[in-house]
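1. give me coordinates for this.
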Amino acid sequence: DRIAGTLDLSETSLTVLEEITCLVEIDEDLVVRDNAALTSLAGLGALVRVHGDVVIEGNPALQSGDGLAALLSVDGSVRLARNGALATVGLSALTEVRGDLRVESNPSLSALDGLRALTSVGGAIVVDDNGALEALGLDGLDEVGGDLVLRGNDSLGGLSGLGSVVDVGGDLVIALNDGLVSIAGLGGIGWIGGGLTVQRNEALESLAGLEDLAEVQGGLTLVDNPSLEDLAGLSTLAEVGGSLSVDHNPSLASLEGLSSLAALGGSLVVQENDSVTDLAGLAGLEVVGGDVVILRNPALVDLGLEALADVGGDLLLSGNPALVEVTGLDALAEVGGSVAVERNSALASLSGLAAVAAVGDALYIAENPALSSLGGSFAVAAAPGGLAVVDNDALGSLAGLEALESLAGDPALLLLGNGSLETLGGLG
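-> Prediction:
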C-alpha cells in the first residue's frame, strides 16, 4: 500500500506496470524514466499521494498519463518531459502541486485538459516546447506561487484555461509561441510578483487579456513581436518595479495603453520600433528610476513624455532620424546621470530640454548633422562629467548654455568637428 522511499522505474523493458496495483502512497519520489517500451502507467491507478517529486520523462512509447488518474496531491514537483508519444496528461484528480509543474518537450501532447482539477501550484509552471499543444485546460488553477512560463508551443493559438489565475508569484513569460494570436485567457491576473515578458510571438496582435493587471513588481519586456499593433490590454497597469523595454516591435504604432503608468523603478527603453511615432501613451509617467533610452525608432517625431520630471540615470536620444525637435519633455527638471543626444539626422533644435536644471554627469551632443541651434536650452549650471559637442556640422553657436557655470571631467570641455561653429559665445 505504501513505499517508504522512492519508486524508481528507469531504463526497464516494461510495457505496463501491472505488479503495483495496490500502491496508494509514496513517501519520496516517483520516477518513471527512459523506458523504451512502456506504453501505459496502468498499475499506478490506486496511487493517491506522492510526498516527493513525480518524474515521467523520456518514455518514447508512453501515450497517456491516465494510469495516474487517482493521484490527488504531490508535495514536490511534477515533470512530464520528452515523452514522444504522450497525447494526454491524464492527471485528472490532481488538485495540488507544492513544487513546480513542468511540461516540456512532449511533441504529441495536444492539451492539458487532464489537469482541470488542479487549483494550486506552489512553485513554477513551465509549459515549454510542446509542438502540438493547442489548449491549456487549466481552468481550475487560481494560484501560481512561482513563474508561469509559456514558451515554444507553436500550435498554441490562445491561453483559454488560465482565466481563474489572479496572482503570479514570479515571472510571467509568454515567448516563442509562433501560432499565438490571443492572450485573452489571462483576463483575471491582477498582480505579478516578478517580471512580465512577451517576446517573439509571431502572430500576436494585441495584449487584450491583461486588463486587470495593476502591478508588475519586476520589469515589463515587450520584444520582437512582429504582429503586435497595440498595448491597449495594459490600460490599468499603474506600477512597474523594474524596467520597461519596448524593443523591435515593427507593427506597433504607439504606446497607447500605458497611460496609467506613473513610475518606473528601473529604466525606460524604447528601441527599434519601426512604426512608433510618439511616446504619448506614457504621458502619465513622472519618474524613471534608471535610464531613459530612446534609440533607433525611425518614425519617431515626438517624445510625448509630458509629465516626466525626474530621470535617475542617463537620458539617451540616439538614432531617431525623423525627430526634428526634442518635444514632449517640458517637465523634465533633473537627470541623475548624463544627457546624450546623438546621431539624430533631422534634429534641428534642443529647445525641448530647456527645463533641465540638474545633470549628475556629462552633457554629450554629437553627430546631429541638422542641429543648427541649442535653442534656449539648458538651465543646467554644472556638468560634473564635462561637456562634449562633437561633429554637429550645422551648429553655428553655443547659445543656450549661458547658465552653465561649472565643468569637470576629463576632458571637462570637448569641442570637435563642428564645421559651422565660429564662436564660443553662449558658454556661461
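
2. any idea whether residue 226 is helix, strand or coil?
-> coil (DSSP: H, G, I helix; E, B strand; the rest coil).

3. and the closest residue to it other than its chain neighbours, how far is that from residue 134?
-> Using CB to CB, 6 or more residues apart in numbering and skipping the chain neighbours, the partner closest in space to residue 226 is residue 250 (5.6 Å). Just so you know, the C-beta spots here come from the backbone N, C-alpha and C atoms, and that holds for glycine as well. The gap separating residue 250 from residue 134 is 27 Å, by CB to CB, to the nearest Å.

4. ok, back up a step: just to check, the residue nearest to residue 226 is in contact with residue 275?
-> Yes: using CB atoms under 8 Å, residue 250 is in contact with residue 275, at 6.4 Å.

5. how about the spatially closest residue to residue 314 that is not a sequence neighbour, what does it touch?
-> Once flanking residues are discounted, residue 314 sits nearest to residue 337: 3.8 Å by CB to CB, 6+ apart. Residue 337 is in contact with 291, 311-315, 359-361, counting by CB atoms under 8 Å, 6 or more residues apart in numbering.

6. and what of residue 114?
-> 65-66, 88-92, 137.

7. which ones among the residues you listed map onto helices?
-> Using DSSP state H, the subset of the contacts of residue 114 located in helices is empty.

8. widest-spaced pair of these?
-> 66 and 137 (14.8 Å; CB to CB).

9. point out where the stretch 201-350 of the chain drops to low pLDDT.
-> Nowhere does the stretch 201-350 of the chain drop to pLDDT under 70.

10. got the residue ranges for the strands in it?
-> 215-216, 220-223, 239-240, 244-247, 263-264, 268-271, 287-288, 292-295, 310-311, 315-318, 334-335, 339-342 (DSSP state E, counting those that start in this stretch).

11. TSV for the ones you listed, including distance to residue 150 and mean neighbour count?
-> Shown next, in TSV, are the strands of the stretch 201-350 of the chain (distance: least, CB to CB, whole Å; neighbours: other CB atoms under 10 Å):
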stretch	distance to residue 150	mean neighbour count
strand 215-216	17	21
strand 220-223	15	22
strand 239-240	21	20
strand 244-247	19	23
strand 263-264	25	20
strand 268-271	24	22
strand 287-288	29	20
strand 292-295	28	22
strand 310-311	34	22
strand 315-318	33	22
strand 334-335	38	20
strand 339-342	38	23
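
12. if we can go back for a sec, tally of neighbours for the residue nearest to residue 226?
-> A count of nearby residues for residue 250, using other CB atoms under 10 Å, gives 14.

13. quick one, what contacts it?
-> 226, 273-275.

14. between those, which has the most around it?
-> Neighbour max across the contacts of residue 250 (other CB under 10 Å) = residue 273, 25 neighbours.

15. separation between that residue and residue 323?
-> For residue 273, the distance to residue 323 - CB to CB - is 13 Å.

16. next: residue 308.
-> Counting by CB to CB, the gap from residue 308 to residue 323 is 16 Å.

17. ditto for residue 397
-> From residue 397 to residue 323 the distance is 21 Å (CB to CB).

18. show me which of the two is the more surrounded one.
-> In this view residue 397 and residue 323 are compared by other CB under 10 Å, and residue 323 has more residues nearby, 24 against 18.

19. ignoring the adjacent residues along the chain, who's closest to the more buried one?
-> residue 344 (5.1 Å).

20. and that neighbour, what does it touch?
-> 317-321, 323, 368, 371.

21. again with residue 233
-> Applying CB under 8 Å, 6+ apart, the residues near residue 233 are 183, 206-211, 213, 257.

22. buried ones among those residues?
-> Among the contacts of residue 233, those classed as buried by 16 or more other CB atoms under 10 Å are 183, 206-211, 213, 257.

23. would you reformat the residues you listed as CSV and include distance to residue 175?
-> Shown next, in CSV, are the buried ones among the contacts of residue 233 (distance: CB to CB, whole Å):
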residue, distance to residue 175
183, 12
206, 17
207, 14
208, 18
209, 16
210, 15
211, 21
213, 17
257, 20
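
24. where in the stretch 1-150 of the chain is pLDDT low?
-> Looking at the stretch 1-150 of the chain by pLDDT under 70, you get 19.

25. repeat that for 90
-> For the stretch 1-150 of the chain, the stretches flagged by pLDDT under 90 are 1, 16-22, 42-43, 113-114, 137, 143.

26. show me where it has strands.
-> So, for the stretch 1-150 of the chain - with DSSP E, counting those that start in this stretch - the strands run 2-3, 7-10, 25-26, 30-33, 49-50, 54-57, 73-74, 78-81, 96-97, 101-104, 120-121, 125-128, 143-144, 148-151.

27. in JSON lines: those, plus mean neighbour count and distance to residue 114.
-> What follows is those, written out as JSON lines (neighbours: other CB atoms under 10 Å; distance: least, CB to CB, whole Å):
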{"stretch": "strand 2-3", "mean neighbour count": "14", "distance to residue 114": "24"}
{"stretch": "strand 7-10", "mean neighbour count": "16", "distance to residue 114": "20"}
{"stretch": "strand 25-26", "mean neighbour count": "20", "distance to residue 114": "20"}
{"stretch": "strand 30-33", "mean neighbour count": "22", "distance to residue 114": "16"}
{"stretch": "strand 49-50", "mean neighbour count": "20", "distance to residue 114": "16"}
{"stretch": "strand 54-57", "mean neighbour count": "24", "distance to residue 114": "12"}
{"stretch": "strand 73-74", "mean neighbour count": "21", "distance to residue 114": "14"}
{"stretch": "strand 78-81", "mean neighbour count": "24", "distance to residue 114": "10"}
{"stretch": "strand 96-97", "mean neighbour count": "22", "distance to residue 114": "13"}
{"stretch": "strand 101-104", "mean neighbour count": "23", "distance to residue 114": "11"}
{"stretch": "strand 120-121", "mean neighbour count": "20", "distance to residue 114": "15"}
{"stretch": "strand 125-128", "mean neighbour count": "23", "distance to residue 114": "13"}
{"stretch": "strand 143-144", "mean neighbour count": "21", "distance to residue 114": "18"}
{"stretch": "strand 148-151", "mean neighbour count": "23", "distance to residue 114": "17"}
